[in-house]
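Quick one: sequence plus predicted model below, questions after.
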Amino acid sequence: MQNKLRKSSADKALFGVCGGIAEYFGISSLGVRLIFIFLPANLLIYIILANTMPNSPRSL
């Protein structure tokens, strides 16, 4: 089964974008959040990803 890029339902601060990226690459979500803090166009990229990334399937 291939891992798909989706918003995280378990590791979310705002929308789950950074948590989803971290789960996809298998790295710490703190590292992804730090990268987003230091990117020049971080807000624009985050808004685009929050609107385009699909939600993860809900688990019981």
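Nice, thanks for sending it over. Numbers count the residues shown, from 1 in each chain.

how about the helices in the chain?
17-25, 29-38, 42-52 (DSSP state H).

now these in JSON lines, with mean pLDDT?
Output for the helices of the chain, formatted as JSON lines (pLDDT from 0 to 100):
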{"stretch": "helix 17-25", "mean pLDDT": "92"}
{"stretch": "helix 29-38", "mean pLDDT": "91"}
{"stretch": "helix 42-52", "mean pLDDT": "91"}
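
Just say which of these is most tucked in.
When the helices of the chain are scored by mean count of other Cβ atoms under 10 Å, the highest mean neighbour count falls to helix 17-25 (a mean of 21). Quick note: C-beta positions are derived from backbone N, CA and C, even for glycine.

CA atoms of that one as PDB?
Presented in PDB, the C-alpha positions along helix 17-25 are these (Å, rounded to 0.1, in the frame of the first residue of the first chain):
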ATOM      1  CA  VAL A  17      -1.100  20.000   7.100                       C
ATOM      2  CA  CYS A  18       2.300  19.800   8.800                       C
ATOM      3  CA  GLY A  19       1.400  16.600  10.600                       C
ATOM      4  CA  GLY A  20       0.300  15.100   7.200                       C
ATOM      5  CA  ILE A  21       3.600  16.100   5.600                       C
ATOM      6  CA  ALA A  22       5.500  14.600   8.500                       C
ATOM      7  CA  GLU A  23       3.600  11.300   8.300                       C
ATOM      8  CA  TYR A  24       4.200  11.100   4.600                       C
ATOM      9  CA  PHE A  25       8.000  11.600   4.800                       C
END
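
For that helix, name the packing helices and strands.
Contact here means 3 or more Cβ pairs under 8 Å, 6 or more residues apart in numbering; DSSP states H and E; on that basis helix 17-25 packs against helix 29-38, helix 42-52.
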